[in-house]
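Please find the sequence and the predicted model below.
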Protein chains: 2
Amino acid sequence: MQAGGRLNLLLIGFGHVARAFVRLLIPRRADIEAASGLATRVVGIATARHGCALVPDGIDDARAIALAEGYLGVSSIHALAGDPPRDAFALLDGAARQAWQGPLVAIETTTLDPRRGEPATGHIVRALAAGAHVVTANKGPIACAWDVVRQAAGRADRHVLFESTVMDGIPVFGLVRDTLPGVRVTALRGIVNATTNYVLGEMEEGRELGASLAEMQARGIAEADPLFDLEGWDAAAKAAALANVLMGAAITPESVRRCGITHLTAADVRGALDSGWRLKLVMRVTGEAGRVSASVGPERVHATDVLAQVHGTMCALTISTDLLGDVTIVQHGGSVAETAYGVLADLITLSRRL
Amino acid sequence: MQAGGRLNLLLIGFGHVARAFVRLLIPRRADIEAASGLATRVVGIATARHGCALVPDGIDDARAIALAEGYLGVSSIHALAGDPPRDAFALLDGAARQAWQGPLVAIETTTLDPRRGEPATGHIVRALAAGAHVVTANKGPIACAWDVVRQAAGRADRHVLFESTVMDGIPVFGLVRDTLPGVRVTALRGIVNATTNYVLGEMEEGRELGASLAEMQARGIAEADPLFDLEGWDAAAKAAALANVLMGAAITPESVRRCGITHLTAADVRGALDSGWRLKLVMRVTGEAGRVSASVGPERVHATDVLAQVHGTMCALTISTDLLGDVTIVQHGGSVAETAYGVLADLITLSRRL
């Protein structure tokens, strides 16, 4: 415990997840301080289109809420001489030049480019070089550039945590790391993309893909570019992240065998259902370190299988192990609030380690 | 890391679980030493009917295997002057009089008296008083005397770990403690007794309770006294343990509303199935600290519920939380090997903390 210390947060990206995180954090800062001795405060914010600001003394709660609610412009709060940093990289370089009392943590939640993992990977590497620990909700860097991230963290002697990248804060990485000591993960199988799972469920009711997708977009559940989900890229990125971290692989989303669901009709899905099966987009990872392979594609899952009862926006992952057999963890629904909790959980885990 | 230190194990109880634990431990001692700097060794064994022994310098691997396989009598290896200890309490008192290099850990796996929690609670309290940390596979003390155990651990400034008590080493306590920081558990619902779940599954196939029970006893899955499972006592003890630890309750198995499955017929179970439901023995815990209540009883679970697809000797627990919604963890089958892994996992967790 570092009594009187400070935990200085740089918010790299300030969209829905980062704003929900700030709202969750404010009422829990006292708990984090009681447990770790560290007083948490936001000292910088970088956005892509709404400016950046460094505030080395920290932003007070009233301003943090005004920022989170959008009542206050980010660049207006910049508290150093000269212009505000022009982007996240400049902000991280500026942070590196400050003398901080207590650890620095970059909270990376920028928009995902899941095939290249940029600019998130660049942000993380720059943050580590600036002496910051990293919490990211961005699966790109873990899926596309895990070795780069891991080696940069090792060189900088800093932590990188990313629990919200696969199942919105439901623990999958921490489950193995913290609660299954000594086991070897031998295989993974799961339903990890909520949009395709919802669409397939609607197809069981006879609605075609286009109709249910339009509804999900209207409700804000599906992305503006739905092909990322429907062609299996999101699930492939999660497969790569899980394979890299839990099974020692060094793969990318591009190397995941991938088939989406755009070719399926309601008749296909209903036909399976009438025979006691459900069509699900199933992610699989098998093999041992050095020759791990991953796939994503529609599969018939028998109604008596736990995965068959993963409905709507639920997700689930079965982790096969050498010592404990199979363990399945099920998420019963996720949204921005749960992703923000995953970021908070990583921050608490980090504060426990420091 | 305490380079050169020793982790001294006292095995209180030396039945199937403790023997399987020794077999798991031997090939993994080097990993534990690499991670914690502590060389693990068995320095004492207490059995109810086959004698006791204290061996302060530790038992070598060949002897440990001979003991685990039953080729070597326990009391024959006693290595101190005078008679071997007459029981576990005398062994713990004897251990308290030795000067140990490194931490002492009691591994408590004696036969369960789940309604009173004895003699396991007594063993744990005596072990803590002797300066030992405790790992127990025995749900009795956590279900019946959690306050006593917790307070004794606090007074002694020692750890008590018990991950194998509810789902055979599948993490339920660690899941909340280590991977869901900052959440409040608001309710629990699950299938936590494998014997009744297997019997209900057989009844779906038309076999009456008596026939499938006899088969389970022949296979060593059901206890010699099956009423402990069939009348819901095992599930009630698990409900109390979960409520006490995860929801701040102070209840015992006696205070759990409890109904077993002995009154059910195959016709009842098949009738539910024909209507799209499965009869399951469901454990529930609800309420807030100070007024938590728990129940165990048969319930109709709809076929589309994840819990309905918890078949045979599988178990599952849904944890409801304030910040992350519901999280379900599923065990796909358990046996002595998985329980022994739970004990090993607790020992590794303890060695990480020390």
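Here it is on my side, so go on.

Quick one: end-to-end distance for stretch A:177-193.
Counting by Cα to Cα, to the nearest Å, the length from the leading to the trailing residue of stretch A:177-193 is 23 Å.

Please point out which parts of it sit buried.
A:177-183, A:185, A:188-193 (16 or more other Cβ atoms under 10 Å in any protein chain shown). Heads up, the C-betas are built off the backbone N, CA and C, glycines and all.

Over to stretch A:189-209?
A:189-204, A:207, A:209.

quick revisit: same for chain B: which of the buried residues of stretch A:177-193 are within range?
Restricting those to those near chain B by Cβ under 8 Å from any Cβ of the partner chain leaves A:D178, A:T179, A:L180, A:P181, A:G182, A:V183.

before we move on, the earlier item: among the buried residues of stretch A:189-209, which are located in strands?
Filtering the buried residues of stretch A:189-209 for membership in strands, criterion DSSP state E, returns A:R189, A:G190, A:I191.

partners of the first one in the sheet?
In other words, A:R189. The residues listed as beta-bridge partners of A:R189 by DSSP bridges are A:R284, A:T318.

Do I have it right that it meets A:A294?
No: with contact defined as Cβ atoms under 8 Å, A:R189 does not count as touching A:A294 (10.7 Å).

if I look at the two, which residues touch both of them?
Common neighbours of A:R189 and A:A294 (criterion: Cβ atoms under 8 Å, 6 or more residues apart in numbering or on different chains): A:M283, A:R284, A:V285.

how about the residues of the stretch 201-350 of chain A that lie near chain B?
If contacts are counted using Cβ under 8 Å from any Cβ, the residues of the stretch 201-350 of chain A sitting beside chain B are A:303-306, A:308-311, A:318, A:323-334, A:337-338, A:341, A:344-345, A:348-349.

let's go with 6 Å and repeat that
Within the stretch 201-350 of chain A, the positions near chain B by Cβ under 6 Å from any Cβ of the partner chain are A:304, A:306, A:309, A:323-330, A:332-333, A:338, A:341, A:345, A:348.

Which of these fall in helices?
Among these, the members found in helices (DSSP state H) are A:E338, A:Y341, A:A345, A:I348.

which residues sit in contact with the last one?
With contacts taken as Cβ atoms under 6 Å, 6 or more residues apart in numbering or on different chains, A:I348 has the following neighbours: B:P181, B:G182.

returning to that earlier point: just put the buried residues of stretch A:177-193 in a markdown table and tack on distance to B:D147 and pLDDT.
What follows is these, written out as a markdown table (distance: Cβ to Cβ, whole Å; pLDDT from 0 to 100):
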| residue | distance to B:D147 | pLDDT |
| --- | --- | --- |
| A:R177 | 31 | 95 |
| A:D178 | 26 | 95 |
| A:T179 | 25 | 96 |
| A:L180 | 29 | 96 |
| A:P181 | 28 | 94 |
| A:G182 | 31 | 92 |
| A:V183 | 32 | 95 |
| A:V185 | 37 | 97 |
| A:L188 | 40 | 98 |
| A:R189 | 41 | 98 |
| A:G190 | 39 | 98 |
| A:I191 | 41 | 98 |
| A:V192 | 41 | 97 |
| A:N193 | 45 | 96 |
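
Quick check: of those residues, which lies closest to B:G271?
In terms of Cβ to Cβ, no member of these lies closer to B:G271 than A:I191, at 31.6 Å.

Which parts of chain A are strands?
In chain A, strands defined by DSSP E lie at A:5-12, A:38-46, A:52-54, A:104-108, A:132-136, A:160-161, A:185-191, A:257-258, A:277-286, A:293-302, A:315-321, A:325-331, listed in chain order.

Among those, which comes closest to A:V172?
Distance to A:V172, taken as Cβ to Cβ, is lowest for strand A:315-321 among those, at 5.7 Å.

Residues contacting that closest one, please?
Counting by Cβ under 6 Å, 6+ apart, A:167, A:172, A:183, A:185-187, A:189-192, A:194, A:307, A:310, A:326-331 sit against strand A:315-321.

Please give the centre-to-centre distance between it and its chain.
Strand A:315-321 has its average C-alpha position 17 Å from the chain's average C-alpha position, going by Cα atoms, centre = their mean, to the nearest Å.

same question for it, mean pLDDT?
Here strand A:315-321 scores 98 as its mean pLDDT.

Would you mind writing the CA trace of that strand as CSV?
The C-alpha coordinates for strand A:315-321 follow below in CSV (Å, rounded to 0.1, in the frame of the first residue of the first chain):
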residue,chain,number,x,y,z
CYS,A,315,-22.2,-15.2,-25.1
ALA,A,316,-20.3,-18.2,-23.7
LEU,A,317,-16.8,-19.7,-23.7
THR,A,318,-15.8,-23.3,-22.8
ILE,A,319,-12.2,-23.6,-21.6
SER,A,320,-10.8,-27.2,-21.8
THR,A,321,-8.0,-27.9,-19.4
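
Taking strand A:277-286 as reference, get the angle to it.
The directions of strand A:315-321 and strand A:277-286 differ by 50 degrees, with axes from the mean of the first three to the mean of the last three Cα atoms, to 10 degrees as the criterion.

tell me the angle of strand A:315-321 relative to strand A:185-191?
Orientation of strand A:315-321 against strand A:185-191 (the same axes, to 10 degrees) gives an angle of 160 degrees.

buried set for strand A:315-321?
Counting neighbours by 16+ other Cβ under 10 Å, one finds that the buried residues in strand A:315-321 are A:C315, A:A316, A:L317, A:T318, A:I319, A:S320, A:T321.

And stretch A:35-55, by the same measure?
For stretch A:35-55, the buried set under the neighbour-count rule, 16+ other Cβ under 10 Å, comprises A:36-47, A:51-55.

Ok, stretch A:112-131 next?
Burial within stretch A:112-131, assessed by neighbour count using 16+ other Cβ under 10 Å, is assigned to A:112, A:114-117, A:119-128, A:130.

Pull the residues that contact it.
Judged by Cβ under 6 Å, 6+ apart, the contacts made with stretch A:112-131 from elsewhere in the structure are A:12, A:88-89, A:92, A:95-96, A:104, A:106, A:108, A:110, A:134, A:138, A:140-141, A:144-145, A:149, A:152-153, A:156, A:158, A:233, A:237.

Among those residues, which ones are in helices?
In helices, defined here by DSSP H, the members of the contacts of stretch A:112-131 are A:88-89, A:92, A:95-96, A:140-141, A:144, A:149, A:152-153, A:156, A:233, A:237.

Mind giving me the ChimeraX command for buried ones among these?
Isolation of the buried members of these (16+ other Cβ under 10 Å) is achieved in ChimeraX through the command below:
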select /A:88,89,92,95,140,141,144,149,152,153,156,233,237
